[in-house]
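> Everything below, folded, please.
(2 chains)
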2 protein chains.
Amino acid sequence: MIYRPLRMAIPSAEQRTAVIDLGSNSFRLVVFSAADGWWKRTDEIYEAVRIGAGLGETGELGKEPMERALQTIDVFAHFCRALGIDDVRPVATSAIRDARNGRAFARRARETTGLPVRVLSTSQEALYGHLAAVNSTTLADGAVLDLGGGSLQLVRVRERRPNDLSSWPLGAVRMTERFLPGDRPSRKQLKALRSHVAEELGSAPWLASAGERIVGIGGTVRNLAAAAQHLAGQPHIGVQGFRITREGLGELVERLASLPAEERGQVPGIKASRGDLILAGAVVVQTVLETGGFEAIEATEAGLREGVFFESMLPGPDHLFEDVRRESVMNLAAQYRVDEAHTAHVASLALGLFDQLAREGLHPGDPEERELLWAACVLHDIGMSVDYDDHHKHTRYLVLNAGLPGFAPEEVALIAQAARYHRKGLPDLGDLAPLAGPGDDARLDRLACLLRLAEDLERPRDQSVRRADVQVHNGSVRLDLIASEGVEVARWAAERETELFRRAFGRGLEVAT
Amino acid sequence: MIYRPLRMAIPSAEQRTAVIDLGSNSFRLVVFSAADGWWKRTDEIYEAVRIGAGLGETGELGKEPMERALQTIDVFAHFCRALGIDDVRPVATSAIRDARNGRAFARRARETTGLPVRVLSTSQEALYGHLAAVNSTTLADGAVLDLGGGSLQLVRVRERRPNDLSSWPLGAVRMTERFLPGDRPSRKQLKALRSHVAEELGSAPWLASAGERIVGIGGTVRNLAAAAQHLAGQPHIGVQGFRITREGLGELVERLASLPAEERGQVPGIKASRGDLILAGAVVVQTVLETGGFEAIEATEAGLREGVFFESMLPGPDHLFEDVRRESVMNLAAQYRVDEAHTAHVASLALGLFDQLAREGLHPGDPEERELLWAACVLHDIGMSVDYDDHHKHTRYLVLNAGLPGFAPEEVALIAQAARYHRKGLPDLGDLAPLAGPGDDARLDRLACLLRLAEDLERPRDQSVRRADVQVHNGSVRLDLIASEGVEVARWAAERETELFRRAFGRGLEVAT
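The predicted structure follows:
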């Protein structure tokens, strides 16, 4: 073989969509790319335009803010043209919608930059929030909360579809200005804010019967989730899927209320720029949970921009992923060059062992654990895209960093750790242990053991071991390999797992042919 | 755009080579894959066969070790067939070469497994070591040391070609057995070992005039390098390119000699399984450095197996990379889906600024710094293959983990940190600071600043800003952009770098058109 001159791999044709979010405080352009089997964010630019500055007093967009805004939109337009992105979707929300001269401004922006700026109604905005939430979590029945600077939107969700939509001018900026203007709010001020929110929410009687789950989008919820993770001493693997309990939120509100405004931004998890707004936002969220009888709110990192993108990417009329968890796993796998025939076969062997061992009464056979096993099998090799050496550790890094929408953080941790131990070593949750619930150590042993056995049986990566039949004899488990070729390699590899197998299933292991 | 059904990206055709290393202690199969522009290790299997067990006493391979060995070679053969690898290169070294029945064993292995087992002569083995060393470091003139369990090989290198080859039975196992058999060696025993090695080395008079540099391959050198890194309190980013100074090695030898054999394997950096052999190995290396007058030995992670692979991959007769450093950077970049037109243009803009600012006397214009800048530019976006969010941090992770043969650890750290700061934040060496030499903080500021400015100018990723001309006016630097399109985006982006530019070059920055 001759080494050929260097030439870069040419990326396969990707379809790109630019979503431009013209918000009250900042303008943001996000590029999403999609190709066969995967999609992800691939670029982002940002400018703190503050087009809403002064709007509260005058009801109009100011002259200088509009000039800054037009310049930024013009930069964004040049950016899209330079990148050759034809599918550009600019949407304007609260400030431009609410200002008396907002529509005129949008028209001017369209004329001068050529971008088709669309001013969203409150219900359009709420629907994009709904799309973002149900496509990034497993929410089927319940509610979606979207709390911005200007407004609060709530959507009732039934069988994943939007049912009722409500919107109130209860955004974190407005509530701060109106109820908590000073540096140290009094109990009375906080109470007044709470009463006001509760009273306003009365116009959505559906809230009390919406169901048990509520998903929250927006910066306030993300910051509160990060702060709650810190308070609970949990590792920081992103807030996607994190549940802020009502109790945890209560503690946070107490803590934030005890601090002067400028110190709130130093609470770990809260961004400095949000320090002045976070308390009012937290109280609004808290009041929604109380009014609706929700025990917790689940954070998601997706939001308006993802909603706009999902509308463009997913077929209508619903624009929903069929199965968010499956989609997350396949999306992540497809972003790396994994050998699909291999990982699919490892998954099939592992799930076969899982089912048979459950039938023999050697473990509970929990369907959620089965899904985690499948995910770990599909993803176990993605770290090879970093380096072959330590690729099990790289897989862990990639899974934890990219995240898996639809899975809770403790589930992502189990998937990542199972993959981490797919080659050697005795499984351990390590620094992810604070995420673990009861039984998670044993669960990780089973996940890692079955993934590893399946990987051993498929060590030649040729799918020649078609099946492994489980037999229990004299308290020991025998695997009979059904294969189209010799099983020397598979057997040689699988025989190394007796120690881990005993720990996971309390039995000896034999590999027969 | 419609989201299409999931289908995995099909990896482009890769050419695979399996190198099988039948060593005295363990057998190892490594699969190397190569495609246009990149190569890497993609699989590895390992069995501790210990075919050399008992060889010392009898001069022959034992019956049981041979059976174990044949079984393992058979598993390896099945593995290669299952993976469809036709290019299989099994080589046998010391134990099989030295045993009276070694050739007969190799014949039997060929007949029963069909693998073309080749018994390497000492000089063939030394030549593969040479190939590994000169293709993974910048060694041009000097020596290569390869210390195994049985033998020591030294190759004199002139203009990257092998010149003199010498081999001695001075391996770590042999020297331990002969000179340091007990648990706590006496000064006298150590002295006897040293004298013996020095006397043997007398047969290579070329050693004293070989030059200033020596590169070491093999597990002893890698372990010593890791231990020296630990002692120096350096971060563990691999031993590739690490220089063990004569002084540092002296301290290590003192430390190891003061411990009983079993505790030597607990010294951080030394593998437990090597604890009993490391002291003799360290003394052999130390004596080579003294005899040859070398101030330090540079570790490389490449070895015999890489040598065999390079012979297959690189065109003969020399099988040398033209430029190891360039090759490492291009190889790593090609393993990820980077936008080559973009990164090449970022590099061109950054190097243009580097050269002009040096001409204006605003920095030293060091050619090595220039090469680091080029590398950081080429690699800055590879982290996007992990996730767009925090891709600057992912690039750092990928660079540090994969390593860049040809660069010293402190250079890899600068490349990784410059890429880490290619978007925002004030550059800082962080936990890599212990690697830094004098002036590295300022160097990092310049690297990150120029990479960032170039990235800003090429923010639209369309190469429309063809050049930036530097003018110094009234103590301030003005960039005149020469562009084929409007420069709104580039200027908008570059204007954000004034603070960092002032820190790096002590001047103000203006962007004109």
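> Return the helix or strand in chain A with minimum mean pLDDT.
helix A:55-58 (a mean of 86; mean pLDDT, DSSP states H and E).
> got the buried residues for that one?
Of the residues in helix A:55-58, A:L55 count as buried by neighbour count, 16 or more other Cβ atoms under 10 Å in any protein chain shown. To be clear about C-beta, it is placed using only N, CA and C from the backbone, and glycine gets the same treatment.
> what does the next helix or strand after it contact?
Downstream of helix A:55-58, the next assigned helix or strand under DSSP states H and E is helix A:63-83. By Cβ atoms under 8 Å, 6 or more residues apart in numbering or on different chains, the residues outside helix A:63-83 that reach it are A:16, A:18, A:20, A:22, A:27, A:29, A:31, A:43, A:45, A:47, A:49-54, A:61, A:88, A:90, A:105, A:108-109, A:112-115, A:117, B:459-462, B:464, B:485-486, B:488-489, B:492.
> go again using 6 Å as the cut-off
Here helix A:63-83 makes contact (Cβ atoms under 6 Å, 6 or more residues apart in numbering or on different chains) with A:18, A:20, A:27, A:29, A:47, A:49, A:51, A:53, A:88, A:105, A:109, A:113, A:115, B:460-462, B:486, B:488-489, B:492.
> Just those residues: which are in strands?
Among the contacts of helix A:63-83, the members falling in strands are A:18, A:20, A:27, A:29, A:47, A:88 (criterion: DSSP state E).
> closest point of the stretch 351-500 of chain A to chain B, which residue?
The stretch 351-500 of chain A approaches chain B most closely through A:P460 (3.0 Å), counting by Cβ to the nearest Cβ.
> now stretch A:312-325, how far from the centre of its chain.
Remark: stretch A:312-325 is offset 16 Å from the chain centroid, using Cα atoms, centre = their mean, to the nearest Å.
> Who does A:R89 form a beta bridge with?
Beta-bridge partners recorded for A:R89 (DSSP bridges): A:V19.
> Could you find the closest non-adjacent residue to A:G37?
The shortest distance from A:G37 to any non-neighbouring residue, by Cβ to Cβ, 6 or more residues apart in numbering or on different chains, is to A:A334 (3.6 Å).
> ok, now which ones touch A:R50?
Per Cβ under 6 Å, 6+ apart, neighbours of A:R50: A:N25.
> Go again with 7 Å.
A:25, A:65 (Cβ atoms under 7 Å, 6 or more residues apart in numbering or on different chains).
> Likewise for A:F407?
A:241, A:325, A:328.
> Give me the subset of those residues lying in helices.
A:325, A:328 (DSSP state H).
> Turn the contacts of A:F407 into TSV, including neighbour count.
Below are the contacts of A:F407 laid out as TSV (neighbours: other Cβ atoms under 10 Å in any protein chain shown):
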residue	neighbour count
A:G241	24
A:R325	20
A:S328	22
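> quick one, helices of the stretch 201-350 of chain A?
For the stretch 201-350 of chain A, the helices defined by DSSP state H, counting those that start in this stretch cover A:219-231, A:246-257, A:261-264, A:278-292, A:304-313, A:324-334, A:340-359.
> could you dump the ones you listed to TSV with mean pLDDT?
Converted to TSV, the helices of the stretch 201-350 of chain A look like this (pLDDT from 0 to 100):
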stretch	mean pLDDT
helix A:219-231	96
helix A:246-257	96
helix A:261-264	92
helix A:278-292	97
helix A:304-313	96
helix A:324-334	96
helix A:340-359	97
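> The stretch 401-513 of chain A: helices as residue ranges?
Secondary structure of the stretch 401-513 of chain A (DSSP H, counting those that start in this stretch): helices located at A:409-420, A:440-457, A:488-494, A:498-505.
> tell me the mean pLDDT for the third one?
In this case it means helix A:488-494. For helix A:488-494, mean pLDDT is 92.
> Can you give me the buried ones in that helix?
Across helix A:488-494, burial judged by 16+ other Cβ under 10 Å covers A:488-494.
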